[in-house]
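1. build me a model:
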Amino acid sequence: MPTPAAQAHHDALFPRHPSTLARTDPDLVEIFDDFAFDEVLAHSGLEPRLRLITQLAALVGAGALAEYRVMLGAALTVGVSPVELKEIVYQAVPYVGMGRGYDVVAATNDVLTDRGVPLPLPSQSTTTRETRAGAGRAVQEQIVGADRLAALDARTPDDEQHVQRWLSAHCFGDHYTRTGLDVPTRELVTLALLVGLGGADAQVRGHVAANLNVGNDRQRLIDVVTQLLPFIGYPRTLNALAAIDEIAPADGAR
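-> Residues are numbered from 1 along each chain as shown. From the prediction side, this is the model:
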């Protein structure tokens, strides 16, 4: 049986979701619950809402749709709003693509509808077709740094410049400028997405630096990655920690 503390955390997060694995694979569920809810959760410096927001983002990156549905219910239970949940998904699309994003949107809509949330939700867009490029470039400079962005533009070959323009207008202009989540939270969502996705080590390093630029310090990043571990495993977690150590080393030298 799980420890009383682990059982209490489980019941608080999933009051409407009895685990089918508890009947078929009780050993595995006990190991996971004791580890995730006793050890890892006890090590958390994150408030519950942010913990669930970043865990959901990592599950989207990992393509773990069934667990995403379960954790979506937990997020609603701890007070993550429907708008925030949709913004996690919308934020994910430029990174995972609409191929995966479509299924995540559909799963999110199913859970929200089951909870009696009317759809569509109010629009969080703040840009138009005419303003998205300029607004995106401005927020990209805030996150990445104007000098770094200019250097990236300078070393991008002419026949690839269109991708950089789309990155500014689409990824940043269409998504980062939305309301519902602030920029520091969006950067944590993006980092969790990329860590969960795997195989994106360069982008993980880039978004470690971006998180530092918007006020998320080394300890906050370690706290987030720590809470992803039970859901994404050790290899991706250790790779993320290596990126943090490289970009934001413990001695404070960047």
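
2. could you check how far Gly61 is from Thr156?
-> Distance, Gly61 to Thr156, by CB to CB, to the nearest Å: 25 Å. Just so you know, the C-beta spots here come from the backbone N, C-alpha and C atoms, and that holds for glycine as well.

3. of those two, which one has the most company?
-> For Gly61 versus Thr156, neighbours defined as other CB atoms under 10 Å are more numerous around Gly61 (26 against 13).

4. list the buried ones in the helix or strand hosting that one?
-> Assigned by DSSP states H and E, Gly61 falls within helix 48-62. Neighbour counts over helix 48-62 (16 or more other CB atoms under 10 Å) mark 48, 50-62 as buried.

5. now for the closest residue to Asp110 other than its chain neighbours, how many residues are close by?
-> What sits nearest to Asp110 in space, not counting adjacent residues and going by CB to CB, 6 or more residues apart in numbering, is Arg69, at 7.5 Å. When neighbours are defined as other CB under 10 Å, Arg69 has 17 of them.

6. same question, Gly73
-> As a burial measure, Gly73 scores 16 neighbours (other CB under 10 Å).

7. quick check: it vs Gly180, distance?
-> Where Gly180 is concerned, Gly73 sits at a distance of 19 Å (CB to CB).

8. what do you get for Val96?
-> In terms of CB to CB, Val96 sits 19 Å off from Gly180.

9. now swap in Ala107 and tell me
-> Separation of Ala107 from Gly180 (CB to CB) stands at 19 Å.

10. what does Leu194 give?
-> Taking CB to CB, one finds Leu194 at 20 Å from Gly180.

11. between these two, who's got more neighbours?
-> Neighbours were counted for Leu194 and for Gly180 using other CB under 10 Å; Leu194 has more, 27 against 21.

12. which SSE is the more buried one in?
-> Leu194 is part of helix 183-197 when elements are defined by DSSP H and E.

13. helices and strands around that helix, which ones?
-> Of the remaining helices and strands, those touching helix 183-197 by 3 or more CB pairs under 8 Å, 6 or more residues apart in numbering; DSSP states H and E are helix 48-62, helix 82-114, helix 132-144, helix 201-213, helix 218-232, helix 234-247.

14. of the ones you listed, flag the one that's most buried.
-> Most buried of the helices and strands packed on helix 183-197, by mean neighbour count (mean count of other CB atoms under 10 Å): helix 48-62, with a mean of 24.

15. what separates that one from the chain centre, distance-wise?
-> Between the centre of helix 48-62 and the centre of its chain there are 5 Å (CA atoms, centre = their mean, to the nearest Å).

16. just checking, what packs against it?
-> helix 65-77, helix 82-114, helix 183-197, helix 218-232.

17. mean pLDDT and distance to Gly252 added to these, as CSV?
-> Shown next, in CSV, are those (pLDDT from 0 to 100; distance: least, CB to CB, whole Å):
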stretch, mean pLDDT, distance to Gly252
helix 65-77, 96, 33
helix 82-114, 98, 29
helix 183-197, 98, 20
helix 218-232, 97, 8
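
18. so for Ala36, which of the ones you listed sits nearest?
-> For the helices and strands packed on helix 48-62, the distance to Ala36 is smallest for helix 218-232, at 4.1 Å, taking CB to CB.

19. and that closest one, what does it pack against?
-> helix 48-62, helix 183-197, helix 201-213, helix 234-247.

20. redo that, cut-off 7 Å
-> With contacts taken as 3 or more CB pairs under 7 Å, 6 or more residues apart in numbering; DSSP states H and E, helix 218-232 sits against helix 48-62, helix 183-197, helix 234-247.

21. rebuild these as CSV, extending it with distance to Asp103.
-> Formatted as CSV, these follow (distance: least, CB to CB, whole Å):
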stretch, distance to Asp103
helix 48-62, 10
helix 183-197, 15
helix 234-247, 21
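
22. kind regards, and thank you for your time.
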